[in-house]
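K.L.:
need a structure here:
(one chain, ligands or ions: 1)
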Amino acid sequence: MRKLLLSVLCSLLAGGAQAQATPASTAWPHGARVAVSLGYDDTLASQLDVALPALQRHGLKASFYLQLSSPLLQSRLAEWRRVAQLGHELGNHSLFHQCAGSLPGHAWVEPARDLDSTTAAQMADQVLLGNAMLFAIDGERERTYTVPCGDHQARDGDYLPRIAAAFVGIKQGGGSGVTARAVLQRHAVAVYAPVGLSGSELIALVRAAGAQGDMVNLTFHGVGGDYLGTSAAAHEELLAYLASHRDEYWTDTFRNIMRYVRAQESADGHH
Ligand SMILES: [Zn+2]
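P.N.:
Predicted structure coming up:
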């Protein structure tokens, strides 16, 4: 009887160990439980003026997703270049920020920048040109992409398969921005864009990620200014929390996090 019980226990444990195999091989660097990617979309002045100094004060790295047609890119080019020199990522957010004009709430989409009337091949050409422009700014040959509005159905189909190979990771939008490490797909990573949340609400988001999954992506727009804003104080509170809990939360550029995931995929034999 005891022998039977033992063998049942053993097989249960073995089953358990098998189920745990994927997460065990995918721990984050330095034993952190959660990877945190902070993204700043749309080439906004408040990101240079408010978000960047805050990141520097706390020694945290982030990704800035540039819309390359933005006048702010040219007028503050030296500052964007410095963002990259400081170890942050300059990510691609397309040339013209094409979103689907037909979707609810998208009345603001300009006809010439409507994803509904742009072909997948045109989008791919533009996004890849965006990478060439970014290379001219920061000299980096690898980076990540955030899909404008999360819309990727062009006039004649999905454009993401045409650009995926050019990026180590792609954020597509959707849900709470939390992804379990075991099901993470580098070219379809969920992202959440908080607007108007308090510092404690932002901290609650990253803490929930610790309980529900292994990675959380937050995309900010304005910080202490501009639109879809997060207050400077709330942003500061989140950064202070992440900086004082580095053992638990690995905050880094999305490029670095995705490179780490890719390296683990090769180690595990997935491609
Ligand atoms: Zn955007």
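
K.L.:
only C-alpha atoms from now on, for both contacts and neighbour counts.
P.N.:
OK.

K.L.:
please name the nearest non-neighbouring residue to the closest residue to the ion within the stretch 101-250 of the chain.
P.N.:
Here the residue of the stretch 101-250 of the chain nearest the ion is P148; by CA to the ion that distance is 4.6 Å. Sequence neighbours aside, H97 is the residue nearest to P148 in space, at 5.5 Å (criterion: CA to CA, 6 or more residues apart in numbering).

K.L.:
separation between the one you found and V223?
P.N.:
20 Å (CA to CA, to the nearest Å).

K.L.:
what about these two, which has more around it?
P.N.:
Set side by side, H97 and V223 show more neighbours around V223, with 28 against 20, by other CA atoms under 10 Å.

K.L.:
the more buried one and A234 touch, don't they?
P.N.:
No - counting by CA atoms under 8 Å, no contact exists between V223 and A234, whose distance comes to 9.0 Å.

K.L.:
the stretch 51-200 of the chain: helices as residue ranges?
P.N.:
52-58, 71-75, 77-85, 120-138, 160-163, 199-212 (DSSP state H, counting those that start in this stretch).

K.L.:
neighbours of Q212, just the number please.
P.N.:
Neighbours around Q212, by other CA under 10 Å: 13.

K.L.:
find me the pLDDT at it, would you?
P.N.:
Looking at Q212, its pLDDT is 80.

K.L.:
residue contacts, it?
P.N.:
The neighbours of Q212, taking CA atoms under 8 Å, 6 or more residues apart in numbering as the test, are V178, A180.

K.L.:
out of everything not next to it in sequence, what's closest to V216?
P.N.:
Using CA to CA, 6+ apart, the nearest residue to V216 is V178, at 4.4 Å.

K.L.:
okay, now that neighbour: neighbour count?
P.N.:
For V178, using other CA under 10 Å, the count is 28.

K.L.:
on that earlier part again, can you redo the helices of the stretch 51-200 of the chain as CSV with distance to Y241?
P.N.:
Below are these laid out as CSV (distance: least, CA to CA, whole Å):
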stretch, distance to Y241
helix 52-58, 10
helix 71-75, 30
helix 77-85, 22
helix 120-138, 30
helix 160-163, 35
helix 199-212, 7
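
K.L.:
could I get these as CSV with distance to the ion?
P.N.:
As requested, those are arranged in CSV below (distance: least, CA to the ion, whole Å):
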stretch, distance to the ion
helix 52-58, 18
helix 71-75, 14
helix 77-85, 17
helix 120-138, 14
helix 160-163, 16
helix 199-212, 20
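
K.L.:
near the ion, which residues of the stretch 1-150 of the chain show up?
P.N.:
D42, P148 (CA under 5 Å from the ion).

K.L.:
low pLDDT regions in the stretch 1-150 of the chain?
P.N.:
1-26 (pLDDT under 70).

K.L.:
quick one: the strands in it, in order.
P.N.:
34-41, 63-66, 89-92, 144-146 (DSSP state E, counting those that start in this stretch).

K.L.:
relative to Y227, how far out is the closest residue to V109 other than its chain neighbours?
P.N.:
In this structure, V109 finds its nearest non-sequential neighbour in G101, 5.3 Å apart by CA to CA, 6+ apart. According to CA to CA, G101 and Y227 sit 19 Å apart.

K.L.:
contact partners for the residue nearest to A164 when sequence neighbours are not counted?
P.N.:
Spatial nearest neighbour of A164, chain neighbours left out: H187 (6.5 Å); criterion: CA to CA, 6+ apart. By CA under 8 Å, 6+ apart, the contact set of H187 is A164, F167, V168, G169, I170, K171, Q172.
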